[in-house]
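Participant: how would this look folded up:
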Amino acid sequence: MPEPIKVLIIENHPIFSMGLSVMIKKLQDFQIIGEAVNSTDAMKIAKNEKPRLVIMDIALGKESGLDLITQLKTLDSDILILVISMYDERFYSERVLRLGARGYIMKDRSVDNVKEAIKTVVSGKVYLSETERERILEAMTGENTRGINDWVLLLRKLSNRELQIFSLMGKGFGTLEIASRFNLSTKTIDTHKEHIKLKLHCNTSLELRQLAIEWLLNPDSQK
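Facilitator: Prediction:
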């Protein structure tokens with residue numbers, strides 16, 4: 001009998017984590033070796049239990065799931081990571097793949113879709129929705145960019161950290177709060193903001209904040 005595939009779940013919403021755990025336990029040849037709600041617990045379990053597959057969210061309270069992907073891949077370059085998140089795939093799927101994840105699926109997808117994503121990643125392939133695969137291919141080839149939402153093109157200019165800061169600005173966080181969240185100096189955050197302003201063609205900090213709020217509130221940015 002082959003050894004079961006060890007799975008680590010990283011999710012800070014207990015109800016969703018429970019549902020995901022129940023679903024995986026019903027799959028043949030899979031074994032959950034741990035559940036974590038933050039980076040510290042996740043890295044501790046990963047070091048001790050050596051999971052083959054990590055299923056994780058990138059929204060982990062004050063912590064960054066994007067940073068955690070990098071930490072996990074540094075610990076074990078062969079570890080398979082599937083991101084399952086409420087964040088729009090258009091803004092994050094390509095980013096997590098670049099960091100070393102092997103798939104991205106949104107939380108509003110069906111159970112069958114999640115099972116398909118898990119099996120696809122474990123088989124050594126990359127999982128994305130059909131729509132997102134087409135969007136990334138078009139972006140890489142430069143084709144049909146007119147059909148891509150303006151927000152996607154705009155925010156593609158930002159680095160992972162810049163996108164995180166931009167998102168927090170839209171939620172009303174100030175420089176001091178953002179600095180505390182990422183354990184960075186306010187000077188570093190201000191530098192990031194200046195870079196964001198240049199990339200998004202904003203003349204003032206107020207204009208940048210208004211753009212961030214518009215992004216979070218505008219229904220067109222979330223389609």
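
Participant: pretty sure Ala101 is touching Leu82, no?
Facilitator: Yes. Assessed by C-beta atoms under 8 Å, Ala101 is found in contact with Leu82 at 7.0 Å. Heads up, the C-betas are built off the backbone N, CA and C, glycines and all.

Participant: Pick out whichever of the two has more residues nearby.
Facilitator: Neighbours per residue, other C-beta atoms under 10 Å: of Ala101 and Leu82, the larger number sits with Ala101, 27 against 22.

Participant: and the more buried one, what helix or strand is that in?
Facilitator: For Ala101, there is no helix or strand it lies in under DSSP states H and E.

Participant: Distance check, it against Ser93.
Facilitator: As judged by C-beta to C-beta, to the nearest Å, Ala101 and Ser93 stand 9 Å apart.

Participant: residues shared between the contacts of the two?
Facilitator: Residues within reach of Ala101 and of Ser93 at once, by C-beta atoms under 8 Å, 6 or more residues apart in numbering, are Val83.

Participant: Any idea how many residues pack against Arg135?
Facilitator: By other C-beta under 10 Å, 21 other residues sit near Arg135.

Participant: quick one, phi psi at Gly19?
Facilitator: Main-chain torsions, Gly19, degrees, to the nearest 10: phi -60, psi -40.

Participant: and it, how many neighbours?
Facilitator: For Gly19, the neighbour count with other C-beta under 10 Å is 14.

Participant: Could I get the phi/psi values of the residue nearest the centre of the chain?
Facilitator: In the chain, the C-alpha nearest the mean C-alpha coordinate belongs to Ile58, at 4.0 Å (C-alpha atoms, centre = their mean). The phi and psi values for Ile58, taken as degrees, to the nearest 10, are phi -100, psi 0.

Participant: What residue spans form the domains of this structure?
Facilitator: Domain segmentation of the chain under automatic domain parsing yields 5-136, 149-222.
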